[in-house]
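A.B. asks: here's my sequence, what's the structure:
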Amino acid sequence: MTRRCLAKGRPHCFRVAELAGAHDLERVRGGVGESNVQGRQAIVRERFVPFGGVDGSLVQRLVRPPAGLKVPLRITVVFWAIKLLTTAVGESTSDYLVHGYNPYAAVILGFAAFVIALAIQYRSARYVPWAYWLAVLMVAVFGTMAADVLHVEFKVPYVASTIFFAVALAVVFVAWQRTERTLSIHSITTTRRETFYWLAVLATFAMGTATGDLAAYTLNLGFLSAGLIFAAAFLVPALAWRFFGANPILSFWTAYVLTRPLGASFADWTGKSRHAGGLGYGDGPVAFVLLLVIAALVAYVTWSESGVRAEPELATE
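C.D. replies: Residues are numbered from 1 along each chain as shown. The predicted structure is shown next:
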């Protein structure tokens, strides 16, 4: 939420208040932003940005986040970068294991890793970057395998599997909305809400996998062309939210779904052979390199957010 203001003691500035949650209620009193989400305080950052050549300063006021929040507090560029990378790794890892080894053993291994990762995430009392992104990564791998199994083993067409997983995702969203009255990820502070969240994430990965394969194979677009199309589609909800005031929750989940075919298309383009329309680097090497990048970004997130979580309140001039 951004509005021009005459902040106390700073007549030449913009005040930018970033609220954690789409339904937060802001109360500004004496230059201090406060937010309340269902009775719990959330984070508010006030940033004073100069204009007209007037010197300004950065002021951040951190208020206690919702107790037990299990997902990232702020959805940043780094969040989307890691999310895209996990989708790419999910595609490359799944293809490498299924096609390079026994497919049944690969699926069982993927499911076991998926269960273990979710168990670690559920046992965490709050958002822990490495635990959260490990769960996302394992959902990416297993979700990809689940969609591929329908097509490879049961000969289900990509059109049918795309529709099936789209319906499954819609059912999850409807049940979540009717039960909790919100689909905001900033409201995920209970086990039931977290369960809805992971069911939705799993459905988005499976649907995204089927959609990406539908575009690349059934529609004969190829990996690169499909990736570029999904990249353009991915930008639509971001621009709609940023410049046209689109619903933030709808924009988030639309972009979230599109990350799956977007990341997978470029993973296939770099990993698949030249004969198949790729660059020929191999699924295994591509997955390994991307895992290193994910590890570095998660380490950065852990380091950069350590101060945010350590102190419940911070007010410095």
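A.B. asks: just checking, which helix or strand of the protein averages the lowest pLDDT?
C.D. replies: strand 314-315 (a mean of 31; mean pLDDT, DSSP states H and E).
A.B. asks: which SS class is the nearest residue to K272 once chain neighbours are set aside?
C.D. replies: Of all residues not flanking K272 in the chain, G278 sits nearest, at 3.1 Å (C-beta to C-beta, 6 or more residues apart in numbering). All C-beta atoms are positioned from the backbone trio N, CA, C, and that covers glycine. Recorded secondary structure, G278: coil (DSSP: H, G, I helix; E, B strand; the rest coil).
A.B. asks: so G278 is in contact with T270, correct?
C.D. replies: Yes: with contacts counted by C-beta atoms under 8 Å, G278 reaches T270, the gap being 6.5 Å.
A.B. asks: next, H186: secondary structure please.
C.D. replies: Secondary structure of H186, per three-state DSSP, is helix.
A.B. asks: so it makes contact with L69?
C.D. replies: Yes: between H186 and L69 there is a contact at 7.1 Å, judged by C-beta under 8 Å.
A.B. asks: so between those two, which is more surrounded?
C.D. replies: Taking other C-beta atoms under 10 Å, H186 and L69 do not tie; H186 has more neighbours (25 against 22).
A.B. asks: tell me the pLDDT of the more buried one.
C.D. replies: Listed pLDDT for H186 reads 86.
A.B. asks: for the nearest residue to V89 once chain neighbours are set aside, give me its contacts.
C.D. replies: Using C-beta to C-beta, 6+ apart and skipping residues adjacent in sequence, the residue nearest V89 is L290, 4.8 Å away. Applying C-beta atoms under 8 Å, 6 or more residues apart in numbering, we find L290 in contact with L85, A88, V89, S92, A267.
A.B. asks: model confidence score at A200, please.
C.D. replies: 93.
A.B. asks: isn't it up against W176?
C.D. replies: Yes: counting by C-beta under 8 Å, A200 touches W176, with 6.9 Å between them.
A.B. asks: and W253, that's in a helix?
C.D. replies: Yes: read with three-state DSSP, W253 is one of the residues of a helix.
A.B. asks: model confidence for it, exactly?
C.D. replies: For W253, pLDDT reads 94.
A.B. asks: tell me how far it lies from V286.
C.D. replies: 27 Å (C-beta to C-beta, to the nearest Å).
A.B. asks: more crowded one of those two?
C.D. replies: Each of W253 and V286 has its neighbours counted (other C-beta under 10 Å); V286 has more, 26 against 19.
A.B. asks: what ranges do the helices span in the stretch 151-300 of the chain?
C.D. replies: Assigned by DSSP state H, counting those that start in this stretch, the helices in the stretch 151-300 of the chain fall at 158-180, 191-213, 223-244, 248-271, 283-310.
A.B. asks: the closest residue to F165 other than its chain neighbours - how many residues pack around it?
C.D. replies: Nearest residue to F165 in three dimensions, chain neighbours excluded: M207, at 3.6 Å (C-beta to C-beta, 6+ apart). When neighbours are counted by other C-beta under 10 Å, M207 registers 25.
A.B. asks: quick one: residues contacting the closest residue to Y281 other than its chain neighbours.
C.D. replies: The spatially closest residue to Y281, leaving aside those adjacent along the chain, is T270, at 5.3 Å (C-beta to C-beta, 6+ apart). T270 sits next to G278, L279, Y281, V286 when contact means C-beta under 8 Å, 6+ apart.
A.B. asks: buried subset of those as a PyMOL selection?
C.D. replies: In PyMOL, this line selects whichever of the contacts of T270 come out buried by 16 or more other C-beta atoms under 10 Å:
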select buried, resi 278+286
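A.B. asks: okay, and the residue sitting nearest the centre point of the chain sits in which element?
C.D. replies: Central residue of the chain (C-alpha atoms, centre = their mean): K83, 4.9 Å from the mean position. Following DSSP states H and E, one finds K83 within helix 77-100.
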